[in-house]
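> what shape does this take:
(one chain, ligands or ions: 1)
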Amino acid sequence: MLDLTFIRTNTDAVKEAARLKNNPIDINALLELDRRVVSLQQEVEEARAQQNALSKKIQQAAKEKNVELRNQYIAQGKQLSEAIKEKEPLLAQLQEERYQQLLLVPNIPDPSTPVGKDEDDNVPIKYWGEKPNFAFPALDHYDLMQKLEMVDIERAVKVAGSRSYSLKGAAARLELALMNFAFDRLSRKGYTPIIVPSMARDFAFVGNGQFPKGRDQVYEIEGQDLFLVGTAEVSITGMYKDEILKAEELPLTYVGYSPCFRQEAGTYGKDTRGVFRIHQFNKVEQYIICEADHAVSVQWFEELERNAEELIQALELPYRIVNVCTGDMGDGKVGMHDIECWVPSENRYRETHSCSYFHDWQARRANIRYRDAEGKVRFVHTLNNTAIASPRILIPLIENHQQPDGSVRIPEALRPYMGGQDYIRPR
Ligand SMILES: Nc1ncnc2c1ncn2[C@@H]1O[C@H](COS(=O)(=O)NC(=O)[C@@H](N)CO)[C@@H](O)[C@H]1O
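Take a look at the predicted model:
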C-alpha cells in the first residue's frame, strides 16, 4: 500500500506505475472518493466542534438562568447530533471503500526495472556455470525419478488429486537434506532459523499482499479465519503486524521454513509433467525487516540474491538471473530478480528462486513500524528471497547430475546431509 498523501501529491507517478504493471486501478476514482471522505470528515468534525461550543453555551445560559436561550441551544444541539448520526455511517462506509481501493494500488517500480508485458520481457543480467553436454541420451526429471524409484505421482493423485506427488527414497532424503543445507548455510550467516505456521489469518495475507488480489491462489479453511500460506513470507509478515520495533532491533534477518500451498489457478495444462508446478511444496525462505532507507534495502536485496547464488553454486547448477519486468513483477515489488536454473530436458532456464524488495509497501499494509534514531515512528522496509524450494530444485539437480549409467551424482556440498552418500543408483 502507498501513503495516501504520496498518491495525492504524486498522482502521475502512481498512474504510470499502475500502467506499467498492467494494474487496472482507477486512481482518479480513488482520489475523487478520497475528496468525498475528507470533506465529509470535515463536516462531522465541524458539527462536533459546534456541539462542544454549544454545550458551553448551554452551561452559561443555565448559570444565567436564561431558560429561553438554554432551550434554544439544546434544540440546536439536537439538530447537530441528528446530522452527525446521519453522516457517520456514510463516512465509515466511504473510508472502508477508500481503504479497499488503496489495497489495490501498486508500488512504484525502481527505474532499473525493465518495462515489459510479461516474463518474456524479463532481462537476463547474469549467467553462471557450464551447461552439461551429455554424451548419452539424457532423461528428464520425471523419467529419472521413476527409474530411481524417487517419486510416486499416481498414488498421490489418488489421495490428493491433480498436481500432487510423493517423494520416495533418495528424493525424500534429498528434500530434507536440501532444507537442512539451506538452514545451515543461512544460520551460519546469522539469520534466525524459524519454522512458522502454514496457516494464517486473513490480515497476514492482506499485509503480505496476497489479499485481496491473489485470493484465488489460496486454500481457505472453511468456517475459520484461517488460510494455508503459499510461502512462509505471509506468516513472517503477519507475525509483526501492528508492532513498533526499536531501531536497534533492526535488521531482523530470518531463514524461515514452511510447507507452501498454492491453488495455481489459471495454470491449467501448464507444466503438468512431474513435480514442477504442484499444489504443495516445501520452502526455506529468506526474509528481512530493515530500516526505511532505499540504499539499505538495495544492500539487503543484493545480499539475499548472493545467498541464493551461493547455495546454487554449491549444488553445481548452471543458472541465470533475470531482472523481472514491470508487467511480471506484481503490485508490491520495487525491484525483483528471478534466479532460473538450467533444465536440460527443456533446453531452457526455469525459475527456482525469486528475490524482491518492497520498501514499505508491505509494512504499511501490515502496520509494521519502528522508532528511528531520532525517535520518529516510521514503517519498516521488507524483503524476501527463496533459499531453497523443493521439489522444484530437484528438477535441475537430478537432470544436471545424471550419469551415463542412469545414476545421479550428489554434489559434494550436499553429501554431509545425505549420510555421506555420493550417488543415487538404480537398485
Ligand atoms: N506451484 C509451485 N510448485 C512448485 N514450486 C513452486 C510453486 N510456486 C512457487 N514455487 C517455488 O517457490 C519459489 C518462490 O515462489 S515465489 O512465489 O516465486 N516467491 C516467493 O514465494 C517468495 N516468498 C520468495 O520465496 C519459486 O521460485 C519456485 O521455485
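> quick one: Trp300 from the ligand, how far?
Separation of Trp300 from the ligand (Cβ to the nearest ligand atom, to the nearest Å) stands at 14 Å. Using the backbone N, CA and C atoms, a C-beta is placed for each residue, glycine as well.
> so that residue, which state does it fall into?
helix (DSSP: H, G, I helix; E, B strand; the rest coil).
> what's the neighbour count on it?
22 (other Cβ atoms under 10 Å).
> ok, it touching Leu250?
No. Trp300 is beyond contact range of Leu250, at 10.7 Å (criterion: Cβ atoms under 8 Å).
> find residues that contact each of the two.
Contact criterion Cβ atoms under 8 Å, 6 or more residues apart in numbering; residues shared by Trp300 and Leu250: Cys290.
> which residues in the stretch 201-350 of the chain form strands?
For the stretch 201-350 of the chain, the strands defined by DSSP state E, counting those that start in this stretch cover 220-221, 226-228, 244-246, 252-261, 280-290, 319-323, 335-343, 348-357.
> and the shortest one, what does it pack against?
Just to be clear, that refers to strand 220-221. Applying 3 or more Cβ pairs under 8 Å, 6 or more residues apart in numbering; DSSP states H and E, one finds that strand 220-221 contacts strand 226-228.
> cool, the fifth one as well?
Judged by 3+ Cβ pairs under 8 Å, 6+ apart, strand 280-290 is in contact with helix 169-188, helix 232-239, strand 252-261, helix 294-314, strand 381-390.
> tell me if the third one is near the ligand.
In other words, strand 252-261. No. Interface with the ligand: strand 252-261 contributes nothing (Cβ under 6 Å from any ligand atom), its closest point being 6.8 Å away.
> residues near Trp361, how many?
Trp361: 23 neighbours (other Cβ under 10 Å).
> show me what contacts it?
Contacts of Trp361 (Cβ under 8 Å, 6+ apart): 1-2, 107, 209, 331-332, 334.
> mind putting those in CSV, neighbour count, pLDDT and distance to the ligand included?
What follows is the contacts of Trp361, written out as CSV (neighbours: other Cβ atoms under 10 Å; pLDDT from 0 to 100; distance: Cβ to the nearest ligand atom, whole Å):
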residue, neighbour count, pLDDT, distance to the ligand
Met1, 25, 97, 18
Leu2, 19, 98, 21
Asn107, 25, 98, 15
Gly209, 26, 98, 10
Asp331, 20, 98, 13
Gly332, 22, 98, 11
Val334, 24, 98, 15
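> and the two most separated of these?
For these, the farthest-apart pair by Cβ to Cβ is Met1 and Val334; their separation is 13.4 Å.
> how far away is Val380 from the ligand?
Val380 is 17 Å from the ligand, by Cβ to the nearest ligand atom.
> for the stretch 301-427 of the chain, which residues are neighbours of the ligand?
Listed as neighbours of the ligand in the stretch 301-427 of the chain under the rule Cβ under 6 Å from any ligand atom: 351-354, 384-386, 389, 392.
> just the buried members of those?
Buried subset of those (neighbour count, 16 or more other Cβ atoms under 10 Å): 351-354, 384-386, 389, 392.
> now for these, which pair is the farthest apart?
Spanning the widest gap among these are Asn384 and Arg392, at 16.3 Å by Cβ to Cβ.
> hang on, isn't Asp34 packed against Thr11?
No. When contacts are counted by Cβ under 8 Å, Asp34 is not listed as touching Thr11 (10.8 Å).
> more neighbours, the two?
Comparing Asp34 with Thr11 by other Cβ under 10 Å, the one with more neighbours is Asp34, at 18 against 14.
> now do Phe240: how many residues are near it, please.
That one is not Phe; residue 240 is Tyr. Neighbour count of Tyr240, defined by other Cβ under 10 Å: 22.
> which residues touch it?
Tyr240 neighbours (Cβ under 8 Å, 6+ apart): 252, 289, 366, 368.
> now do 10 Å
Taking Cβ atoms under 10 Å, 6 or more residues apart in numbering, we find Tyr240 in contact with 204, 207, 252, 289, 362-363, 366-370, 380, 382.
> again with Val105
Going by Cβ under 10 Å, 6+ apart, Val105 touches 1-4, 6-7, 14, 17-18, 23, 25, 27, 30, 331, 361.
> if you set the cut-off to 6 Å instead, what comes out?
2, 25 (Cβ atoms under 6 Å, 6 or more residues apart in numbering).
> repeat for His337
Going by Cβ under 6 Å, 6+ apart, the list of residues near His337 reads 305, 321, 323, 355.
> same thing but at 8 Å, please
125, 301, 305, 321-324, 354-355.
> next, format the strands of the stretch 201-350 of the chain as TSV and append mean pLDDT and distance to Leu102.
TSV is the format used below for those (pLDDT from 0 to 100; distance: least, Cβ to Cβ, whole Å):
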stretch	mean pLDDT	distance to Leu102
strand 220-221	98	24
strand 226-228	98	21
strand 244-246	97	21
strand 252-261	98	26
strand 280-290	98	22
strand 319-323	98	28
strand 335-343	98	22
strand 348-357	98	20
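> would a markdown table of the ones you listed with distance to Leu80 be doable?
Shown next, in a markdown table, are those (distance: least, Cβ to Cβ, whole Å):
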| stretch | distance to Leu80 |
| --- | --- |
| strand 220-221 | 45 |
| strand 226-228 | 44 |
| strand 244-246 | 37 |
| strand 252-261 | 49 |
| strand 280-290 | 46 |
| strand 319-323 | 58 |
| strand 335-343 | 52 |
| strand 348-357 | 49 |
